[in-house]
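Engineer: Sequence plus predicted model, see below.
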Amino acid sequence: MKTSDTSQVMFCTDELMDAASNRYCIVVQVANRAKRRRYEDMDNYQNESVHKPVNRAIVELFST
C-alpha cells in the first residue's frame, strides 16, 4: 500500500470515529462491509485489488 493510500485510510478512520456517536456501531458497519466485499472479491476473482477489504470499507463508509 502506498503512503498516500495509508494516509487516506487514516484520515477516513479519524473522521468516521469523530463523527460517530457510537464507535461500536461504526466498527460493526466496517466489519460487515469488509466481510461482504471480501466475498464479492472471491466471486470476481479476476478483479484482484491491491487494497484489503477493511481499508476499502473504511474509505467507502467515509465517502457515503
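Structural biologist: That came through fine.

Engineer: Assign the residue most central in space within the chain to helix, strand or coil.
Structural biologist: Closest to where the C-alpha atoms of the chain average out (C-alpha atoms, centre = their mean) is residue 57, at 2.1 Å. What DSSP: H, G, I helix; E, B strand; the rest coil gives for residue 57 is helix.

Engineer: And the pLDDT for it?
Structural biologist: Looking at residue 57, its pLDDT stands at 90.

Engineer: likewise residue 64?
Structural biologist: pLDDT, residue 64: 76.

Engineer: re the thing from before, how about the residue nearest to the centre of the chain, what does it touch?
Structural biologist: 30, 31, 33, 34, 37 (C-beta atoms under 8 Å, 6 or more residues apart in numbering). Any C-beta I mention is one placed from the backbone N, CA and C, and that applies to glycine too.

Engineer: Among the residues you listed, which has the minimum pLDDT value?
Structural biologist: Pick the lowest pLDDT in the contacts of residue 57 and you get residue 37, at 83.

Engineer: The closest residue to it other than its chain neighbours: how many residues sit nearby?
Structural biologist: Distances taken as C-beta to C-beta, 6 or more residues apart in numbering place residue 53 nearest to residue 37, at 4.4 Å, with adjacent residues excluded. Residues lying near residue 53 (other C-beta atoms under 10 Å) number 19.

Engineer: can you tell me which residues contact residue 53?
Structural biologist: With contact set as C-beta under 8 Å, 6+ apart, residue 53 has these partners: 34, 35, 37, 38, 41.

Engineer: Out of these, which end up buried?
Structural biologist: 34, 37 (16 or more other C-beta atoms under 10 Å).

Engineer: Can you lay out the contacts of residue 53 as a markdown table showing distance to residue 64?
Structural biologist: Formatted as a markdown table, the contacts of residue 53 follow (distance: C-beta to C-beta, whole Å):
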| residue | distance to residue 64 |
| --- | --- |
| 34 | 15 |
| 35 | 17 |
| 37 | 14 |
| 38 | 19 |
| 41 | 19 |
